[in-house]
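Peer 1: Turn this into a structure:
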Amino acid sequence: MKIREIKAIIKKFEKSSLSSLELERNEFKLRLSKKNNKTEVFQLNENTEHDQIDNNLVSIKSPLVGTFYIAPNPESKPYIEIGQRVEKGDVVCLIEAMKIMNEITAPVAGIVKEVKIENANAVGYNQVLITIEEEQ
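Peer 2: The predicted structure follows:
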C-alpha cells in the first residue's frame with residue numbers, strides 16, 4: 001500500500017465519527033483508533049526486515065527511516081529487555097515515521113541478545129535495531 005493511500009485513509013478516518021478502523025490488504029495491516037480526540041495509528045507489516053547473522057543470531061532491521069521507541073509510551077515498560085524470551089510475532093519496538101507508529105515484530109522465537117538503538121533515537125532504513133538468538 002502506498003503512503004499517499006495511507007494518508008488519505010487517515011484523513012478520512014479523522015473526519016469520520018468512527019472510533020476505530022482496521023484494514024487488511026494482503027500482508028499489510030493498518031489499525032486506527034481515536035482516543036481523547038487524538039488519532040493513534042499502528043501500521044503492521046508481517047515482513048519485518050531481518051538477517052541471519054551467525055548460526056542462530058538474527059538481526060531485526062528497520063523497514064523505514066524514523067524514530068525508534070522501545071515502549072508504547074514514556075510511562076510504559078519496554079516491549080523487550082536483554083535476556084528476555086520473545087515469541088515469533090511479538091512486538092519488540094515501534095518506529096515512528098510521518099506520525100505513523102509502525103509495530104516491529106520478532107521474526108523468530110528466541111532470546112533478546114542486544115538492543116542497538118537507544119530509545120527515541122533516529123534510525124535509518126535497513127539499520128540493525130535488535131539481535132535475537134533464535135531457539136533451535
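
Peer 1: On the three-state scheme, Pro63 is what?
Peer 2: Here Pro63 is recorded as coil under DSSP: H, G, I helix; E, B strand; the rest coil.

Peer 1: how close does it get to Gln127?
Peer 2: Counting by Cβ to Cβ, to the nearest Å, the gap from Pro63 to Gln127 is 10 Å. Where C-beta positions appear, they are placed from N, C-alpha and C, glycine not excepted.

Peer 1: so what are the domain limits for this structure?
Peer 2: Using automatic domain parsing, the domains assigned to the chain come out as 3-43, 48-93+103-134.

Peer 1: out of Pro63 and Gln127, which sits in the more crowded spot?
Peer 2: More crowded of Pro63 and Gln127, by other Cβ atoms under 10 Å: Pro63, with 20 against 16.

Peer 1: surely that one meets Ile95?
Peer 2: Yes. Assessed by Cβ atoms under 8 Å, Pro63 is found in contact with Ile95 at 7.2 Å.

Peer 1: Overlap in contacts, these two.
Peer 2: By Cβ atoms under 8 Å, 6 or more residues apart in numbering, Pro63 and Ile95 have these common neighbours: 102, 104.

Peer 1: Could you pull up the residues touching the nearest residue to Asp90 once chain neighbours are set aside?
Peer 2: Nearest in space to Asp90, with sequence neighbours left out and distances taken as Cβ to Cβ, 6 or more residues apart in numbering, is Ala106 at 4.8 Å. With contacts defined as Cβ under 8 Å, 6+ apart, the neighbours of Ala106 are 60, 86-90, 92, 132.

Peer 1: what about 6 Å?
Peer 2: By Cβ atoms under 6 Å, 6 or more residues apart in numbering, the residues touching Ala106 are 86, 88, 90, 92.

Peer 1: how about the nearest residue to the first one, chain neighbours excluded?
Peer 2: On the basis of Cβ to Cβ, 6+ apart, the spatially nearest residue to Val86 that is not a chain neighbour turns out to be Ala106, at 4.5 Å.
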